[in-house]
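Engineer: Sequence and predicted structure below; questions after.
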Amino acid sequence: MTASLSPFQLERVLFVRSVVIAIPEFNPEEAAMALPVNNIDVRRDDKDPALLLGSMRTQVNVERQQSIPYEIDMECVCSLRQIDHSMDEATALRGATITAHSILYGAIREATTWITARQPWGPLTLGLSVLATKPPEAGSPAAPEAP
């Protein structure tokens, strides 16, 4: 059996934003589930076409609801070197997005748990993140026509 190589090589992961704010009015007896809002972007580097840059921003409780212990705003970036050049551009971007999502959300999830474990309300572990495509915006060519 031969082992297949990943089409991408991870070069770097770093945080560009790490904000965790404890909500002083949080009441553990009224605790609600903290649902993260994730935004991911993956694109080719302008200077090095074999490099794909991924960025993910995860926000939790930006409204500072008292039923959630923390406001969280984390952004992590990564660079992936494409080592398999047999893929067409759409396939490469799709693969890089899936790979970046796994790497970046995992890093954000780990950092959030680590930081909140040292906060007054204890650790907050984010749930899993599912990568999904955005529905087409109204008026775009792929959007269904209104009746």
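Structural biologist: Arrived safely, thanks for sending.

Engineer: quick one: the helices in this protein?
Structural biologist: Counting by DSSP state H, the chain has helices at residues 89-116.

Engineer: what's near enough to touch Asp84?
Structural biologist: 5, 7-8 (CB atoms under 8 Å, 6 or more residues apart in numbering). Bear in mind the C-beta positions are built from the backbone N, C-alpha and C, glycine included.

Engineer: Next one, pLDDT for it please.
Structural biologist: Confidence at Asp84, expressed as pLDDT, is 92.

Engineer: what's it sitting at in phi/psi?
Structural biologist: phi -110, psi 110 (degrees, to the nearest 10).

Engineer: Include neighbour count and distance to Gln65 when you put the contacts of Asp84 into TSV, please.
Structural biologist: Output for those, formatted as TSV (neighbours: other CB atoms under 10 Å; distance: CB to CB, whole Å):
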residue	neighbour count	distance to Gln65
Leu5	9	45
Pro7	18	41
Phe8	23	38
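
Engineer: The protein: strands as residue ranges?
Structural biologist: 8-22, 37-44, 51-60, 70-82 (DSSP state E).

Engineer: Backbone dihedrals for Thr24, please?
Structural biologist: One thing to correct before we go on: residue 24 is Pro, not Thr. phi -60, psi -30.

Engineer: same deal with Pro69?
Structural biologist: phi -70, psi -20.
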